[in-house]
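Below are the sequence and a predicted model; questions follow.
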Amino acid sequence: MSTLRLKEKLQALQCHFTWDFEIRDKVDAFHILQTLAVRIEHTHYQNQPTFLAMQAYLCHLQGQYEDALQSLREAEEILQRDHPDNFSRQVLVIYGNYAWIYYHLTHYDLVELYLDKVSKICSALNSRSPYAALIPEIRAQKGWSLLAAGFRNGTEATKCFQMALREDEANEEYVAGLAITAYAAWTHSPCSVYWEAAKKKLGTIIHEQQQNYEAKVYLAKILKTSDRQQAETLLEDVVQNSLNPEVLRNAAKFFLPKFLEKSIAILQRAISLNPNYHLLHYDLGVCYKLQLEEAKSGRREILAAAIEAFKKALQKDPVSVFSKLALAEMYGENTPDYQEEIYLNLMSEMPSLSKKCQQAVYRHWGDFLFYKQKSVQEAAQMYKAGFVIPDKTQERQQLEKRLEEVAAAFQQSSQTTEAEAIHDFIQENERPWHRMKSTGRNNRAGDWRYRQNGGSFPFPGHTKASF
C-alpha cells in the first residue's frame, strides 16, 4: 500500500493524532507531560489509559518514540485489566495512536497491522466508517484529553461528554467529566450560566463520590465569593485527606493572596508528596514573591526563599518560561543587569515558544523597561511586539493595559502624537485573527519586530544565563 493511501486512512482515525489540541501554539508539550504524569498517578476515574495514550502523543511531539510506545503498552495492559468486558471499544484510540507512531517510524507493515485491528472493531460495531466509530468511549476519551491539554478547551470537552451521555446516561465517569468541563468553561468565561451549571454538577458529584477531592476543590472555588464558609469546609477535607499534589496545589491557590502562610503550608505538604512536580515549587515562589511585596522586614530572607523556589522549579522543568521570568524578576531586585540578561536569553528561544509564552516574555521585558529603566519608548516597542501576536490570552489583555499606560505616560509628557499612535495601534490590532483568516496571513510572534528591523531582532548579542 502506498504511503499516501496509508496517510488517508490514518487521517480518518479518531485518536490523539487527529484531534486538534493546538499544543504547539497554546502551551508547551513538555509542560503538559509534567501535569499529565500527576493525572495518571492520581486520577479518580478509570481513565488512566486515556492519559497514557495522550502521553504517547506528547512524547511523539518531543521525538521520544520509544517512550511513546511504552505508554501505549501500559495503557493496553490497564485496559485489559480494568475493562475486560468492553476492551475492544476502549482500545480503539490506543490502536490509532500505535498506527500513527509506527507511520512516523516508517514501520509501514505495523501501520497496516493496527489499521486492520481498528477496521475489524469498527466493522463489528457496524460503524459507517471503516476506521472510526463515534461511540461514547471515544467521545469521553477525547473529552478527558481536551481537559488535560488545558481548561481553555472546556466548552469543546463539554460537547464530548454530553454526546457520550446521550448513549450512556448513567456512566459515572462521563457525569464527572461533564461536571469538570462545566467548571473549566467557567474559568475561561466566568458568566452566571457556567457558574450555575458547575455548582450544580459538582455538588452532585461530591454527594455521590465523597472522596472526589478534585471536584471538591473546584466547587470550593465556585463558592469562594458566595459561600466562603462552605468553601473552606470543603477545602479542610481536601487538605487533610488528599494525596494528589495537583489538587493540593489548587487548594493552596484558593487562599491567595490573603492567607499566604496557609498557602505555603499546603504547598510544602504537596512538595513532600511529590518533590519533582515543578508547578509546586513555582507556586511556592509566587507565595514568597507576594510576601516580599508586603514585607517591611526580613526582605532578604524572603527574597532568598523566592529565588530558591523558582530555581527548583527550573531544575524540575528546565524549559519553563514562566519560571525563568519569575526568577529574572527576583534577581532584578538586586541585579537588574542579570534580569535583562535572562530576557535576552529568552529572545533566542522565541521561535520554539508557545504564543502565550512569547507574549509573556514581551510583557515582562516591557515592564522592566517601563517601570525600572523608565524607557517609555522602548517599553512601547516590547508591548507592541507582544500585542500583535494574534492569540486571545490573559497575557494579551495585560499587554493592552500596559499600552494604555504607555499612552497615558506619553500624554502626560505632552507627547500627544505618540499617545494617539498607541491608541490607533491598539484599535488596528484588536482582533487581528479575524483579518488573518480572511487574508491568510501568518502573523508569527515577533513579526512586527522583524519587519521594523529588516528581518532581525534589534538586540545585542545573546548570552546564555545559567539558572
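Cool, the structure landed.

pLDDT weak spots in this structure?
1, 23-27, 431-467 (pLDDT under 70).

Geometric centre of it: which residue is closest?
residue 150 (4.5 Å; C-alpha atoms, centre = their mean).

For residue 375, give its distance to residue 409.
11 Å (C-beta to C-beta, to the nearest Å). (Glycine included, C-beta is placed from N, CA and C.)

Neighbour count for these two, which is higher?
Using other C-beta atoms under 10 Å, the more surrounded residue of residue 375 and residue 409 is residue 409, with 19 against 15.

any idea which helix or strand comes after the helix or strand hosting the more buried one?
Under the criterion of DSSP states H and E, residue 409 resides in helix 394-412. Proceeding N to C from helix 394-412, the next assigned helix or strand is helix 416-428, under DSSP H and E.

Show me what the helix or strand containing residue 302 is packed up against.
Per DSSP H and E: residue 302 is located in helix 299-316. Other elements packing on helix 299-316 under the criterion 3 or more C-beta pairs under 8 Å, 6 or more residues apart in numbering; DSSP states H and E are helix 278-294, helix 321-331.

Switch the ones you listed over to a markdown table; also include mean neighbour count and distance to residue 379.
Converted to a markdown table, the helices and strands packed on helix 299-316 look like this (neighbours: other C-beta atoms under 10 Å; distance: least, C-beta to C-beta, whole Å):
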| stretch | mean neighbour count | distance to residue 379 |
| --- | --- | --- |
| helix 278-294 | 21 | 21 |
| helix 321-331 | 22 | 15 |
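
re the thing from before, contact partners of the helix holding residue 409?
356, 359-360, 362-363, 366-367, 370, 376, 379-380, 383-384, 386-387, 389, 416, 418-419, 422-423, 425-426 (C-beta atoms under 8 Å, 6 or more residues apart in numbering).

Over to stretch 260-273?
So stretch 260-273 is contacted by 239, 243, 245, 248-249, 251-253, 255-256, 277, 280-281, 283-284, 287-288, 290-291 (C-beta under 8 Å, 6+ apart).

Does residue 393 touch residue 358 like I think?
No: applying C-beta atoms under 8 Å, one finds residue 393 not in contact with residue 358, separated by 10.2 Å.

Looking at those two, which is more packed in?
residue 358 (25 against 17).

To what extent is residue 203 buried, counted in neighbours?
Counted with other C-beta under 10 Å, residue 203 comes out at 15.

Relative to residue 37, how far out is the residue nearest to it when sequence neighbours are not counted?
Closest residue in space to residue 203, ignoring its immediate chain neighbours: residue 219 at 6.4 Å, by C-beta to C-beta, 6 or more residues apart in numbering. Computed with C-beta to C-beta, the distance linking residue 219 and residue 37 is 25 Å.

quick one: which of these two has more around it?
Remark: of residue 219 and residue 37, residue 219 carries more neighbours, 25 against 15, as counted by other C-beta under 10 Å.

Next, the contact list for that one, please.
198, 199, 202, 203, 206, 231, 234.

Provide the secondary structure category for residue 14.
Using DSSP: H, G, I helix; E, B strand; the rest coil, the structure places residue 14 in coil.

which residues touch it?
92, 93, 96, 132, 133, 134, 138, 142.

Now for the last one, how many residues are close by?
Around residue 142 there are 26 other residues, counting by other C-beta under 10 Å.

okay but it is in contact with residue 160, surely?
Yes: look at residue 142 against residue 160 with C-beta under 8 Å: they come within range, at 4.9 Å.

next one: phi and psi at the residue in the chain sticking out farthest from the centre?
The centre of the chain is farthest from one residue, residue 414, which by C-alpha atoms, centre = their mean lies 42.2 Å away. Backbone torsions of residue 414, given as degrees, to the nearest 10, read phi 60, psi 20.

tell me the contacts of it?
So residue 414 contacts nothing (C-beta under 8 Å, 6+ apart).

Quick check: it vs residue 425, distance?
19 Å.

same thing with residue 257?
Applying C-beta to C-beta, the value for residue 257 to residue 425 is 33 Å.

Between these two, point out the one with more neighbours.
Using other C-beta under 10 Å, the more surrounded residue of residue 257 and residue 425 is residue 425, with 18 against 13.

The more buried one contacts residue 384, correct?
Yes: counting by C-beta under 8 Å, residue 384 is a contact partner of residue 425 at 6.2 Å.

Number of residues surrounding residue 421?
15.

before we move on, the earlier item: hang on, the residue nearest to residue 203 is in a helix, isn't it?
Yes: assigned with three-state DSSP, residue 219 falls within a helix.

Please tell me how far it sits from residue 43.
18 Å.

check contacts around residue 90.
Residue 90 touches 49, 79, 83, 137, counting by C-beta under 8 Å, 6+ apart.

where's the third one relative to residue 50, distance?
For residue 83, the distance to residue 50 equals 11 Å [C-beta to C-beta].

the more surrounded of these two?
Neighbour comparison, residue 83 and residue 50: the larger count goes to residue 50, with 28 against 16 (by other C-beta under 10 Å).

Type out the ChimeraX command that picks the buried ones from the contacts of residue 14.
Applying 16 or more other C-beta atoms under 10 Å to those, the buried members can be selected in ChimeraX as follows:
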select :92,93,96,132,133,138,142
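
Residue 275 in helix, strand or coil?
Under three-state DSSP, residue 275 comes out as coil.

so what's the backbone phi/psi at it?
phi -70, psi -10.

What's the local residue count around it?
The burial count for residue 275: 12, using other C-beta under 10 Å.
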